[in-house]
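*Asks:* Generate coordinates for the sequence data below:
(chains A and B)
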Amino acid sequence: MKLTILKKKIFKELIIIGIIVSAVCGVMYYSMLRVQGLEKELSDFSRESATLSGKIRGSKAEHEKIIKAFEYFNKIKKNKYPTKNGYSSAASRIRIAGPIIKNLQSRFHFTELKTSFSKSISSSSDYKSDKFSIIDNEITFEFKAFSDELVFSFIKTAIEEFPGYLKMKSLQIKRLNDVSEGVLVKIRNEKEKSAIVSGRIVFLWKTIKGDFTTSKKGESSNEKEI
Amino acid sequence: MKRASLLKREKRKFVLTIGDEGAILVCVDGKKMVSRVFVASPNSPELASALSSFPEAPIYVLVDVVDQAYIQSTLPPVSSLNVSKLVKRKLSKDFDKTDLKAAISMGREKEGRKDWNYLFVSIKNISPFSDWIDAVSEMPNKFAGIFLLPLEGVNYLEDLKKVVFQEKGNKQSGWQIIVSHHRVGGFRQMVFRNDTIIFTRIAQPIGGQTPDVVAGNIEQETLNTIEYIRRLGFEDSDGLDLYIIASFEVISVLDLTSFPSDDPHALTPYDIAEKLGFENSAEPKDRFGDVVSAIQFITRKKHILKLHTKYTGKMELISKFRVISKVCASACIIATLVISAKKFNDSIDLNNKVNVAKYDRRNAEEKLKEMDKFRLHFDEEPKKIKEIARLDKILSKDTWLPFEIISNYANIHGFDTHVSVMTMDITENTSLNDTMKTFMDIEFISKDEDTLDVLFDNVELFASDVRRQFDDYKVTFSGLPGQDTIDPVALAENITIKLGITSPEDEKTKNKKR
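*Replies:* Residues are numbered from 1 along each chain as shown, chains lettered A, B, ... in the order given. Below is the predicted model of the structure:
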């Protein structure tokens, strides 16, 4: 019967349609999966690139800091550089400072100069450094000089010439005599040691201790032990 | 067997006009007749042979048998939702179960109760009619439906009017009658009132087939019909348009004046075919109007009523379902393919982006490696250099020296003073500025001629000068003399005051030169 034939026909057609639709849907599903996969891959790559960019930025920043530090370092006076033992012992400190003090006394015509050194201590905790430590001690000068100007010049020169860092902690200057003719005559007279001012200066002397060498051309290593 | 190509849709259609004397099968392509054949019985091989020539062409059955009923009926003025129930009930009650039946709405009365007017139609689905339907429905061709020739005559009337109005531009009358001589049926008469079918009848020719006899039959039958419609309300004053379709020989001897019609028209099938543009549809000598009416029917896009038997109805449903499922599947496939194409396009785009991203990542990795090499090259040194720089900054931090104090003090002029003692104490602070305290014992040298007042004034002036010179500092004085406390003996010597200068706590002196 035609109706039966029609039913069979439609059944076959529906199967074919179903197969075609399934195939096409399969293609679509595959495309969607592929797109999803690529999106995920792209997202992963983007994330990795962002991470790497961050690292590069960090490295760049680090490089800039290193370059700046090198520029700054080149300006530091060499007598400020760290030394292996940082003159950590009192004996080494006295050994270094002695000639300098003697020279200063002579240059600034101190009639009298008594120097005393306190015990050297490490004050690294204040500076939060894990590579170097700071050794400091006090140097006390009791002096008699011809003028307060000489005293001030002494202070300035000592700060420049001492290795490490010299900081004034206290100063006391007393006028002993007025600048009168009588006094000046006395001073000229080398038989009597006269002074117009006397006083006391206390310095805080800091040096950096640590293992350090430079690889720059022309610079010698400051590994020299005193 | 000619099949339409896969891509080309079949435009040809078959119309099988079934009458009591046989059937005529016409194949039409647009307005052009492709073939026509008279089929005596449903079992005739000509029927199967003709239909198999175009198996993709659908077949329309046009019924021109005598056994069809048209009953006008009014239904009570219920709502439009409820009237369909009344129609259904009437159809099941007033007609046989096996009949093919339907109802056509003729609208509502404009005045009074506003009853519903319906035309109930039915055909007896019995042999020989049912034999034709059974035969045709089993053909490979799609069964397009059963249509009633008289009902579809409304469209025929409309076209006939165009034919005659083209010719004479006649005015329209209230009643219209079409009398068409058919091979398969006889004289089909269709009566219309204001373009609505009122009733139909078919009469068999009596006394032979000569033109005179046929013309006489037509005249008699028409007059009988006109008499009948007088009972239905026709009056001569209403006007009657009469269309008689017969052969040339018949209309030549037809006496049109015998009809009480203002505008009787006698047309041959050939005339109608020519006027309506039906190609290849009729010869000048054609005697019967079956073919022309079938072609006119099929050229109309919309038909009045389509009927189905239970069997053909099921086939129609299945066909519709096939079409719908194909359309839906096509839409689904197209949409899926479009989406797939888009996704494929996206995947190409993404693939390119992934390649670019891979390339970028590779570049970034290489750059990072180079940067790491730079640092490794210096090993520990860069860290130490940085550390030394940091420590140097802290240790080289500006601190207090006596030079500025001395320099500022030296700017104070006009007073006879000398500093007998100067002390300066500096307190170190690694995170902030160091603090400084300086004390000076200042002797005011009095001259013999200086009075006490002068001395006091000098001290006061001196003090204000000092404050001015050291305006950024905290300045204190102690030992300033008051008049009532001054010792005249001491006055003979000098007044010593103690000046204290302390570094401020505010931002002002943070960047001061030392």
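
*Asks:* any weak-confidence spans in the stretch 1-150 of chain B?
*Replies:* Residues of the stretch 1-150 of chain B that meet the criterion pLDDT under 70 lie in B:1-8.

*Asks:* Name all residues that make contact with the residue in it that chain A sits nearest to.
*Replies:* Using CB to the nearest CB, the closest approach of the stretch 1-150 of chain B to chain A is made by residue B:138 at 4.9 Å. The way it works is simple: take the backbone N, C-alpha and C, and place the C-beta from them, glycine included. Contacts of residue B:138 were listed using CB atoms under 8 Å, 6 or more residues apart in numbering or on different chains, and they are A:1-2.

*Asks:* go again using 7 Å as the cut-off
*Replies:* residue A:2 (CB atoms under 7 Å, 6 or more residues apart in numbering or on different chains).

*Asks:* any idea how far it is from residue B:27?
*Replies:* 19 Å (CB to CB, to the nearest Å).

*Asks:* With residue B:409 instead?
*Replies:* 132 Å.

*Asks:* and what of residue B:441?
*Replies:* 141 Å.

*Asks:* Just the pLDDT at residue 203, thanks.
*Replies:* This is for chain A. pLDDT for residue A:203: 94.

*Asks:* hmm, I had chain B in mind actually
*Replies:* 88.

*Asks:* neighbour-wise, which of residue B:441 and residue B:27 wins?
*Replies:* Between residue B:441 and residue B:27, counted using other CB atoms under 10 Å in any protein chain shown, residue B:27 has the larger neighbour count: 21 against 17.

*Asks:* Can I get the strand or helix carrying that one in PDB, CA atoms only?
*Replies:* When elements are assigned from DSSP states H and E, residue B:27 belongs to strand B:22-29. Output of strand B:22-29 as PDB, limited to C-alpha atoms (Å, rounded to 0.1, in the frame of the first residue of the first chain):
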ATOM      1  CA  GLY B  22     -15.600   8.700 -16.600                       C
ATOM      2  CA  ALA B  23     -12.700  11.000 -15.900                       C
ATOM      3  CA  ILE B  24     -10.400  13.400 -17.800                       C
ATOM      4  CA  LEU B  25      -6.800  13.600 -16.700                       C
ATOM      5  CA  VAL B  26      -5.100  16.800 -17.700                       C
ATOM      6  CA  CYS B  27      -1.400  17.600 -17.100                       C
ATOM      7  CA  VAL B  28      -0.600  21.300 -16.800                       C
ATOM      8  CA  ASP B  29       2.600  23.100 -16.600                       C
END
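
*Asks:* Pick out the residue nearest the middle of chain A.
*Replies:* residue A:69 (7.6 Å; CA atoms, centre = their mean).

*Asks:* Wait, that one touches residue B:386, no?
*Replies:* Yes. In this structure, residue A:69 is within contact of residue B:386 by CB atoms under 7 Å, at 4.1 Å.

*Asks:* SS state for residue 160?
*Replies:* Reading this off chain A. Using DSSP: H, G, I helix; E, B strand; the rest coil, the structure places residue A:160 in helix.

*Asks:* try again with chain B
*Replies:* Secondary structure, three-state DSSP: residue B:160 is helix.

*Asks:* Following element in sequence after the lengthiest helix in chain A, please.
*Replies:* Criterion DSSP state H: the longest helix present in chain A is helix A:2-75. Counting by DSSP H and E, the element after helix A:2-75 in chain order, helix or strand, is helix A:90-107.

*Asks:* quick check, the longest helix of chain A touching chain B?
*Replies:* Yes. Helix A:2-75 lies within reach of chain B by CB under 7 Å from any CB of the partner chain, at A:2-3, A:6-7, A:10, A:13-14, A:17, A:20-21, A:24-25, A:27-28, A:31-32, A:34-35, A:38-39, A:41-42, A:45-46, A:48-49, A:52-53, A:55-56, A:59, A:63, A:65-66, A:69-70, A:72-73.

*Asks:* Residue B:197 is in what secondary structure piece?
*Replies:* strand B:196-203.

*Asks:* what's next to that strand, contact-wise?
*Replies:* Taking CB under 7 Å, 6+ apart as the rule, strand B:196-203 contacts B:66, B:70, B:106, B:150-151, B:153-154, B:185-192, B:221, B:225, B:232.

*Asks:* before we move on, the earlier item: for the strand holding residue B:27, name the packing helices and strands.
*Replies:* strand B:12-19, strand B:32-39, helix B:290-299 (3 or more CB pairs under 7 Å, 6 or more residues apart in numbering or on different chains; DSSP states H and E).

*Asks:* now the first one against helix B:290-299, angle please.
*Replies:* Computed by axes from the mean of the first three to the mean of the last three CA atoms, to 10 degrees, the angle separating strand B:12-19 from helix B:290-299 equals 130 degrees.

*Asks:* pull the CA atoms of strand B:12-19 into CSV?
*Replies:* Backbone C-alpha positions of strand B:12-19 (Å, rounded to 0.1, in the frame of the first residue of the first chain) are rendered in CSV as follows:
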residue,chain,number,x,y,z
ARG,B,12,3.7,20.1,-13.5
LYS,B,13,0.4,19.1,-12.0
PHE,B,14,-2.3,16.6,-12.8
VAL,B,15,-6.0,17.4,-12.6
LEU,B,16,-8.3,14.4,-12.7
THR,B,17,-11.9,15.6,-13.3
ILE,B,18,-14.1,12.7,-12.1
GLY,B,19,-17.7,12.6,-13.4
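
*Asks:* Tell me the helices and strands packed up against it.
*Replies:* So strand B:12-19, by 3+ CB pairs under 7 Å, 6+ apart, packs with strand B:22-29, strand B:59-63, helix B:129-137, helix B:290-299.

*Asks:* and residue B:17, bridged to which residues?
*Replies:* residue B:24, residue B:62 (DSSP bridges).

*Asks:* Reduced to three states, what does residue A:110 come out as?
*Replies:* Assignment for residue A:110 (three-state DSSP): coil.

*Asks:* Touching, it and residue A:142? I think so.
*Replies:* No. Counting by CB under 7 Å, residue A:110 does not reach residue A:142; the two are 10.0 Å apart.

*Asks:* who's more crowded, the two?
*Replies:* residue A:110 (22 against 16).

*Asks:* give me every residue that touches that one.
*Replies:* Applying CB under 7 Å, 6+ apart, the residues near residue A:110 are A:143-145.

*Asks:* Taking the residues you listed, please make a ChimeraX selection of just the buried ones.
*Replies:* Buried members of these, defined by 16 or more other CB atoms under 10 Å in any protein chain shown, are picked up in ChimeraX with:
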select /A:143,144,145
